[in-house]
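Got a predicted model here, sequence first, then my questions.
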Amino acid sequence: MKRALTLAASVLALAAAPAAAQDFVITNATLATGDGSEPIERGVVVVVDGKVAYAGPQAGAGAFETDTVYDVAGAWVTPGLVATVTTLGLADVSGVSESNDVRPGSSPFNAALDVAPAINPSSQHILVHRAAGITRAATVTSPAGSIFGGQGAIIDLGADGQPVTRAKAFQVVAFGEGGARLAGGSRVATYVAFANALREAQDFARGRWDAESAMLTRADAEALGPVAAGEQALYVSVERASDIRSVLGLKRDFPRLDLVLVGASEGWLVAREIAAAGVPVIADGLDDLPNSFEELASTQSNVGRLAKAGVKVAINAATMENPRNLNQYAGNLVALARIPGADGLSWGQAFAAISSVPASISGLGGKAGVLAPGSMGDVVIWDGDPLEVGSVPTKVFIDGVEQPLDNHQTRLRDRYRELDESRLPEAFDW
């Protein structure tokens, strides 16, 4: 028997989605829409053809019929988390080089590297993170043979075998200490290498490229053309405040650059300059002790101070292969806001920093990381506050399709959860 909710007819005029998408309603939720606002009590989410048709208070809903209604009895419901920057799908076992596509150090190509064909949707890293509530991610290789790391892709973590949402979505480049090592041992060399590469890319785009004198391969020169033209975002790994200023200054010579700062441990020292430049930041969430000389001023208040200055800031997972800790980092920033003299985030701001803000930086603004009419049907039901360490998803939907949550870790947990004390576990019983 069908159940009805009230929903204005206009919000049902949505674009078609994959045939496997489900129509469903979630009621009686503690609802976080991901837009930075605080949670809504007794919230309702309606998903039609893989898209969100309505998300908000019960009182705002009109007529809608479906066979599938989840009354979650006050449980938390959120959009799927968005992780950036990661290596998800590029390694099966990190310590086994044959299964690890993260650092192509001996490749003759650098900027031209495109991760999309190499992503393995069956990687246990993807399965584990899907079970942690992450539904979209930006994934990319790490700079290894030069300061340029290649072209990253935006992926979904669904079980349909088609992970790539958008290929060649951004280019990565290393500045600071990491870039200096790759460029020849000096920050001076990094800036020369960068400027030379972009000028060669511009020459290639204009048909003036000289293959004999060029330092780039033809493929790398072609790949950097969209970066120089501002058609492809450039994710710049940088930590020190003075290096951040220098990176912002790159737009004097290359005004079309679409910059995104990654790391930015000392970003709070130049927060006003970053905000004035309109450059977003993907910041490490919990840096509070320096791992290197370029992070001497790192502090857990970094993200809060950047946000207070008006910077669009997302939280990165620091360890690129393990972003399932994003909600823990966001929760720590909520707790930090309660400490006198420290700068954290409100609950809504912290959740947005792992949902709608990284989605916006990744080019999915209004489509992912948020529950709003027309957004992707990426919905997570949790067994507790998602920013509490012990909370885990009970259901995950991607594009309106409920996803399996099993993986090697859950199977291992279930195998040894209840043991017969009269005999050894099966693995040791011979």
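Noted; the coordinates are in hand.

C-alpha only now, for contacts and for neighbours.
OK.

So the nearest residue to Leu113 once chain neighbours are set aside, which state does it fall into?
Among residues not flanking Leu113 along the chain, Gly150 sits closest, at 4.5 Å (C-alpha to C-alpha, 6 or more residues apart in numbering). Three-state assignment for Gly150 (DSSP: H, G, I helix; E, B strand; the rest coil): strand.

what residues are up against Gly150?
Residues in contact with Gly150 (C-alpha atoms under 8 Å, 6 or more residues apart in numbering) are 110-115, 140-143, 171-173.

Now with 10 Å, please.
Residues counted as contacts of Gly150 (C-alpha atoms under 10 Å, 6 or more residues apart in numbering) are 104, 109-115, 140-144, 168, 170-173, 220, 223-224.

Also Tyr191?
147, 175-176, 179-180, 183, 197, 246-247, 250.

From Gly185, how far off is it?
Distance of Tyr191 to Gly185, given as C-alpha to C-alpha, to the nearest Å: 12 Å.

Report the set of residues contacting both of the two.
With C-alpha under 10 Å, 6+ apart, Tyr191 and Gly185 have common neighbours Gly179.

Ile274 and Thr135, how far apart?
Distance of Ile274 to Thr135, given as C-alpha to C-alpha: 29 Å.

Which of those two has more residues huddled nearby?
Using other C-alpha atoms under 10 Å as the criterion, Ile274 and Thr135 rank with Thr135 on top: 29 against 23.

Walk me through which strands the regular element (helix or strand) spanning that one pairs with, and which way each runs.
Using DSSP states H and E, Thr135 falls within strand 134-139. For strand 134-139, the paired strands and their directions (DSSP bridges) read strand 81-86 (parallel), strand 148-156 (antiparallel).

What ranges in this protein fall below the confidence cut-off?
1-20, 60-63, 317-321, 424-430 (pLDDT under 70).

Regarding it, what is its longest helix?
Identified as the longest helix of the chain according to DSSP state H is helix 187-205.

Flag every buried residue along it.
187, 189-191, 193-194, 197-205 (16 or more other C-alpha atoms under 10 Å).

Also stretch 160-172?
Going by 16+ other C-alpha under 10 Å, stretch 160-172 has these buried residues: 163-172.

what's the farthest-apart pair in those residues?
The most widely separated members of the buried residues of stretch 160-172, counting by C-alpha to C-alpha, are Pro163 and Val172 (20.3 Å).

show me where the stretch 101-250 of the chain has strands.
Chain-ordered strands for the stretch 101-250 of the chain, with DSSP state E, counting those that start in this stretch as the definition, fall at 134-139, 148-156, 164-174, 233-238.

closest to Val46 out of those strands?
strand 134-139 (18.0 Å).

now that closest one: how far from the chain's centre is it?
5 Å (C-alpha atoms, centre = their mean, to the nearest Å).

swap in stretch 160-169?
14 Å.

State the helix or strand in which the residue lying closest to Ser37 once chain neighbours are set aside lies.
Of all residues not flanking Ser37 in the chain, Gly348 sits nearest, at 4.9 Å (C-alpha to C-alpha, 6+ apart). According to DSSP H and E, Gly348 maps onto helix 347-352.

Now the terminal residues of stretch 360-379, how far apart.
For stretch 360-379, the end-to-end distance is 17 Å (C-alpha to C-alpha).

ditto for stretch 390-409
Distance between the boundary residues of stretch 390-409 (C-alpha to C-alpha) amounts to 16 Å.

got the buried residues for that stretch?
Buried, per 16+ other C-alpha under 10 Å, within stretch 390-409: 391-393, 395-403, 405, 407.

Give me the distance from that stretch to the chain's centre.
17 Å.

Also stretch 81-88?
With C-alpha atoms, centre = their mean, you get 4 Å for stretch 81-88.

follow-up on the earlier one: redo the strands of the stretch 101-250 of the chain as CSV? Include distance to Gly278.
Below are the strands of the stretch 101-250 of the chain laid out as CSV (distance: least, C-alpha to C-alpha, whole Å):
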stretch, distance to Gly278
strand 134-139, 21
strand 148-156, 22
strand 164-174, 18
strand 233-238, 13
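
Ok, which of the ones you listed comes nearest Leu90?
Ranking these by distance to Leu90, with C-alpha to C-alpha as the measure, places strand 134-139 first at 8.1 Å.

and the closest one with strand 164-174, angle?
40 degrees (axes from the mean of the first three to the mean of the last three C-alpha atoms, to 10 degrees).

How are the helices of the stretch 1-150 of the chain distributed by residue range?
124-131 (DSSP state H, counting those that start in this stretch).

ok, now the stretch 151-300 of the chain?
176-183, 187-205, 218-228, 241-248, 250-253, 271-277.

could these be laid out in a markdown table, adding distance to Thr86?
Listed next are the helices of the stretch 151-300 of the chain as a markdown table, based on distance: least, C-alpha to C-alpha, whole Å:
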| stretch | distance to Thr86 |
| --- | --- |
| helix 176-183 | 17 |
| helix 187-205 | 23 |
| helix 218-228 | 20 |
| helix 241-248 | 21 |
| helix 250-253 | 25 |
| helix 271-277 | 23 |
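
if we compare the strands paired with strand 134-139, which one ends up closest to Val279?
Nearest to Val279 among the strands paired with strand 134-139 is strand 81-86; the distance by C-alpha to C-alpha comes to 15.8 Å.

relative to strand 233-238, how tilted is the closest one?
Using the same axes, to 10 degrees: strand 81-86 against strand 233-238 is 70 degrees.

how about strand 81-86 as CSV, C-alpha atoms only?
What follows is strand 81-86, C-alpha atoms only, in CSV (Å, rounded to 0.1, in the frame of the first residue of the first chain):
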residue,chain,number,x,y,z
LEU,A,81,30.7,13.1,2.2
VAL,A,82,33.0,14.4,-0.5
ALA,A,83,36.8,13.7,-0.1
THR,A,84,39.5,15.7,-1.8
VAL,A,85,42.4,15.2,-2.5
THR,A,86,42.7,11.4,-2.4
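
That one versus helix 124-131: what angle between them?
Using the same axes, to 10 degrees: strand 81-86 against helix 124-131 is 150 degrees.
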